[in-house]
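Chemist: The sequence and its predicted three-dimensional model are supplied below.
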Amino acid sequence: MVAPSIETPSGKEDDMKIVVNGKTTTIPKEYRDVRLLDFIRDYIGLKGTKYGCGKGLCGACTVHIDGVATRSCITPLAQTEGRNITTIEGLSGTTTTGSLHPVQKAWIEDDVPQCGYCQSGQIMTAAALLRRNPDPTIEEIRDEMAGNLCRCGTYDRIQRAISRASKEVGK
Amino acid sequence: MTSPSNAYVINRRDFLMKCGWLSAGVTVLSSCNSIMIALPSTTDPELEDSLSWIQVLPGGKVRFYCPRMEMGQATSLGLTQVVAEELNIGPQDIECVLPDTNQTPPFKMTVGSEGIFEFFKPVSYGAARMREVLRLLAAEKSGFPTNQITEDRRGFILPDGGKLDYGALVPSEPMIVSADASEKTDEVPRQYAFRHIGEYNAIGHRWKPPEMEAIVTGQTVFSRDTTLENMLYGQVVRPPAFGAILKSADGRAAKAMSHTVSVIINTDDNFVGVVSSDPFLLSTAIDALDVQWELPENLNQEQIDAQLNVKTLRVRDDFEHTLKNSGDISKGRRAAKHRATAHYGTSFALHAAMEPRAGLAWVKEDRVEIWCGCQDPFFVQKRVAQAIGRNVGDVVVHTHRMGGGFGGRVPCQASEEAAILSAVVGYPVRVQWDRETECQNNYFQPSFSHFIDAGVTADGLLSHWQHDFVSSPIITGLVPRNIAWILDKVMADEGTARGSEPQYRVANMLVRYADIRTDVPIGAWRGLGAAPNTFAIESMMDELASTARLDPLEFRLQNLSPTSNRLARVLRRAAQMSGWHQRPLIDHGLGIACAVYKGQTAVAVVAEVKIDHAAEDVRINRIWCAQDCGLVINPSQVENQIMGNIVWGCSMALKERITITAGEVEESNFDTYEILRHDETPEMTVALIDAPEQPPVAVGESAFGPVAPAIANAVFAATGRRIRNLPISYDSLFSNGDA
């Protein structure tokens, strides 16, 4: 048997481009219908963005598209042409110092994660919230985070960490 | 002492290489053993097992092969702190490794909140033994006798004031120390994990899990994230219903696709699988298959409920197991001034861990490698060997952190599928279940159906307690059918019965149950029977208090068994935090419940609910929880577990239920199987009772049981309507009849 491998079609003029964490990647034509989540994980190779439900119900796959929290599992690549995508791996790059994002720092400070699987999505939703609203009330945090499920039950600490990070962001 | 090391140190590089202990260092080793049948690993750890878990590397760093798998419960951190305590080291001096199956002898599956209470002692012992072996090496090196060598951080102080770091004691050659030889160190080494609380340097401290930064930056590798060069992508068409039989499959169209590497059809084994070279196009090949199944008849929720109905069993007086039979129930009934009888029920449920399972397998001629996250890698090893007809010894399972477990990942079926596919194509194959596959194809929490008849004397004491219940076997749920029927004849499933003995003093008591296998696959789910049984018991306690017009807190306190001081303490603490005796607002109610998990961990919960008539909703506003789990190794992580239990308990109370239709689970994703969301989560207050003189006990599932009954009792306080079946819904609450 011949060793099979993923064919990487050569770039053509009309190929779409996608910018992930500041890096431009050409999307092969036949992959235009692929979900952004799968492309990020299995083509670009960034595994921090997680699959949880495939239907935009749990938030594990949350990334930023032009700074807005978006469910990558229900986003076809075709909708992302020319847009700036940030994944959990690129989040610290969005800070001026390039160090951990205040949300990531607060997450460590408050010992938020248990299994950790949903936390990339939680952090991306939280970071987008603080970008839009640097000083959210507890109610605003609870409403915004309602789309991100955590089966380990870390919600209370997530809320505390976002409040903590908002103080940091507001400085 | 002359050259003691010759007596107990054996240089055996070959042995280490074979065992996969490739790095240099010192290991205190005991014999390896393995069980050859494909059943979960159930042997409790023994002290000597621990000798193979701890290694000191050249340079002095300690490597701890943690004999527990990690799914967020942070046991690996707690046990790391125990090792550190014995070896006088800090977080930076130790690395914790989740071992592959070739790195330690087999250990028990990671279940039942046992990580700390079962492993605390052996881990402490193994680490203390290692410390004393190092002291002997220090004696050998320095010429001073061991009793003059005192301990210091990461090493020893000599009588002449010199310091010997562990790094200076460990040879660069791989080396093991046999268990027999290590006994020459001292009779039994002093175990610092048992010393006085004030003296701890690692235990009791809020060490941070070392994985935190990797988790928050997306670098942690879960099983879904593993890749290998030349990896192919596989998917197996799972039966659409329990017991569905493959009639035929046509794979020609799938095979014709250029990215399809192989289509594997085996009707005898109910197996249809596809291997593709393209992860994005794999699903097109699956869609192109024409697969015909013969579906089971009559496997519906109604029929299953009828099998597991306590009313039917009571008519037949058919309860095969008697847990408790003391005094005389009829005499007790006569002594009752107030009497209550009620039926309670809880539902079938899913684990719904956030990471659907995945496995990567590479079946080679001489070796089979599996990468997966699971609660029992040695069980996965055996099941993979069985699935592809290989020797267990040929299979190595590389373990991963799990994206949630909760009892649902004892096996990893995706790994078995990947192995079958890889055996055919000869390349590494990855299989990832999607959410829908996960919802249908694992095992489940069974429903519970209860009847309780109890009463209160004129003095406010329990006159009698008769509790009959029925559910399915849980601990033996995974045992294959052809063996199970024999097992069922001789065994009462302790998992089904967990938490069913009330913590109260009752002279006349009868507790009976039946564990009946249905066609629904059953296995461990958080706490097993503890939460369903606690729901029934603590709901009845509330009914009795209400019937006798007694305060539910005082009623519990005055009926606790005399040995329940710790439970009394947590009850008072939870009540005090909640302002128990204050008058609630309109449409608000407070409810209380308590339990002792596995006879170890005392927990009390108070819930405050609000009935929102405008939104037609039952809201849980606040939860207060007090827990006594003895010595707390890491307070932050214990608090995390308790909060997780509270969220799970709220979710069970308000949301979780599956319905089976024609052998199919109707709820296939989070739109239909809802779990508690952030905005529905109550504000929570957790108090840990300080009891460092008591050994550390179960935490991962302990606080869960009392949560749902506390909520149901709060609903009663707010509405006067009694919840007897979970989940609670506003509609059923305000329709006629029992909720």
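Modeler: Thanks, I have it. Residues are numbered from 1 along each chain as shown, chains lettered A, B, ... in the order given.
Chemist: What count of nearby residues applies to the residue nearest to B:H343 when sequence neighbours are not counted?
Modeler: Excluding the flanking residues, the one nearest B:H343 by Cβ to Cβ, 6 or more residues apart in numbering or on different chains is B:F451, at 5.4 Å. For every residue, glycine as well, the C-beta is placed using N, CA and C. For B:F451, the neighbour count with other Cβ atoms under 10 Å in any protein chain shown is 20.
Chemist: so who does B:F451 touch?
Modeler: Neighbouring residues of B:F451 by Cβ atoms under 8 Å, 6 or more residues apart in numbering or on different chains: B:V310, B:K311, B:R314, B:T341, B:A342, B:H343, B:Q466, B:H467, B:D468, B:F469.
Chemist: Mind listing what's buried along the helix or strand hosting the fourth one?
Modeler: It refers to B:T341. Per DSSP states H and E, B:T341 falls inside strand B:338-346. Judged by neighbour count (16 or more other Cβ atoms under 10 Å in any protein chain shown), strand B:338-346 contains these buried residues: B:H338, B:R339, B:A340, B:A342, B:H343, B:Y344, B:G345, B:T346.
Chemist: thinking again about what came up before, top of the contacts of B:F451 by neighbour count?
Modeler: Neighbour tally across the contacts of B:F451 (other Cβ under 10 Å): the maximum, 29 neighbours, falls on B:F469.
Chemist: Assign a three-state SS to that one, would you?
Modeler: Following DSSP: H, G, I helix; E, B strand; the rest coil, we place B:F469 in the strand state.
Chemist: Any idea what it is bridged to?
Modeler: Per DSSP bridges, the residues bridged to B:F469 are B:H450, B:Y513.
Chemist: For it, give its distance to chain A.
Modeler: 27 Å (Cβ to the nearest Cβ, to the nearest Å).
Chemist: Over to B:S142?
Modeler: B:S142 is 41 Å from chain A, by Cβ to the nearest Cβ.
Chemist: so who does the closest residue to that residue other than its chain neighbours touch?
Modeler: Leaving aside its sequence neighbours, B:S142 sits nearest to B:L158 (Cβ to Cβ, 6+ apart; 5.2 Å). Counting by Cβ under 8 Å, 6+ apart, B:L158 touches B:A138, B:S142, B:F144, B:Q148, B:I149, B:L164.
Chemist: Which members of those residues are classed as buried?
Modeler: Listed as buried from those are B:A138, B:S142, B:F144, B:I149, B:L164; burial here means 16+ other Cβ under 10 Å.
Chemist: just checking, which of these belong to helices?
Modeler: Counting by DSSP state H, the buried ones among the contacts of B:L158 place B:A138, B:S142 in helices.
Chemist: tell me which of the buried ones among the contacts of B:L158 is nearest to chain A?
Modeler: Proximity of these to chain A (Cβ to the nearest Cβ) peaks at B:L164, which lies at 35.0 Å.
Chemist: check contacts around B:V397.
Modeler: By Cβ under 8 Å, 6+ apart, the contact set of B:V397 is B:D100, B:T101, B:I370, B:W371, B:C372, B:C374, B:P377, B:F378, B:V380, B:Q381, B:V384, B:S415.
Chemist: got the contact list for residue 163?
Modeler: In the absence of a named chain, chain A is used. The contact partners of A:S163, taken as Cβ under 8 Å, 6+ apart, are A:I138, A:I141.
Chemist: please go with chain B instead
Modeler: B:D152, B:G155, B:F156, B:I157.
Chemist: of all those, which two lie farthest apart?
Modeler: Farthest apart among these by Cβ to Cβ are B:G155 and B:I157. That separation is 7.8 Å.
Chemist: any chance of the buried residues of strand B:338-346 in JSON lines, plus pLDDT?
Modeler: Output for these, formatted as JSON lines (pLDDT from 0 to 100):
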{"residue": "B:H338", "pLDDT": "98"}
{"residue": "B:R339", "pLDDT": "97"}
{"residue": "B:A340", "pLDDT": "98"}
{"residue": "B:A342", "pLDDT": "98"}
{"residue": "B:H343", "pLDDT": "98"}
{"residue": "B:Y344", "pLDDT": "98"}
{"residue": "B:G345", "pLDDT": "98"}
{"residue": "B:T346", "pLDDT": "98"}
